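1. Below are the sequence and a predicted model; questions follow.
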Amino acid sequence: EGQLAESGGGLVQPGGSLRLSCVASGFTFSSYVMRWYRQAPGKERELVATISSAGGTTTYGDSVKGRFTISRDNAKNTVYLRMNSLKPEDTAVYYCNVRDFSSNVYWGQGTQVTVSS
């Protein structure tokens, strides 16, 4: 069974940067598309970024384009989310996600990002 573990969240001032990490285990990481989602209090979970299995294709939600970068290291079974120019509206719990070829969906426990002065 797949497992995902996020880290790297914290409190940052507006305009600051953070890098989130998500370490995967229990499945062949390099075979799957990986995604980052976020959920702010009182809001639905939102897709932030997607990266293809080999890392050559990435897509982003409109609210983060030009500020966030998703990447992966298949040798380390890790997907990253680099977040620059952070805004208070980026405050949320950030989750990584994978859906395997049997349509099983796995989520990590999430990591809190708070952007505030």
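-> Yes, it's here.

2. list the helices and strands the helix or strand of the chain with the lowest mean pLDDT packs on?
-> Lowest by mean pLDDT, DSSP states H and E among the helices and strands of the chain is strand 105-107, with a mean of 95. Strand 105-107 sits against strand 3-7, strand 92-99, with contacts defined as 3 or more C-beta pairs under 8 Å, 6 or more residues apart in numbering; DSSP states H and E. Using the backbone N, CA and C atoms, a C-beta is placed for each residue, glycine as well.

3. Nearest spatial neighbour of Ser117, chain-adjacent residues omitted?
-> In space, Ser117 comes closest to Gln13 once its chain neighbours are excluded; the distance is 5.4 Å by C-beta to C-beta, 6 or more residues apart in numbering.

4. number of nearby residues for the one you found?
-> 10 (other C-beta atoms under 10 Å).

5. go on, Ala49?
-> Quick note: Ala49 (other C-beta under 10 Å) scores 24 neighbours.

6. Okay, helices next: where are they in this protein?
-> Taking DSSP state H, the chain contains no helices at all.

7. so where's it shaky on pLDDT?
-> Scanning the chain for pLDDT under 70 picks out nothing.

8. Run through the bridge partners of the residue nearest in space to the middle of the chain.
-> The structure's the chain has its C-alpha centroid closest to Trp36; by C-alpha atoms, centre = their mean the separation is 2.9 Å. Beta bridges link Trp36 to Ala49, Cys96, judged by DSSP bridges.

9. Same question for Thr58.
-> Here Thr58, judged by DSSP bridges, has bridge partners Ile51.

10. related to what we said a few turns ago, what's the least confident helix or strand of the chain in contact with?
-> Strand 105-107 has contacts (C-beta atoms under 8 Å, 6 or more residues apart in numbering) with 1-4, 27, 95-100.

11. Likewise for stretch 110-117?
-> 6-14, 16, 18, 20, 38-39, 83, 86-95.

12. Buried members of these into ChimeraX, please.
-> Restricted to buried positions by 16 or more other C-beta atoms under 10 Å, the ChimeraX selection for these reads:
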select :6,8,9,12,18,20,38,83,86,90,91,92,93,94,95
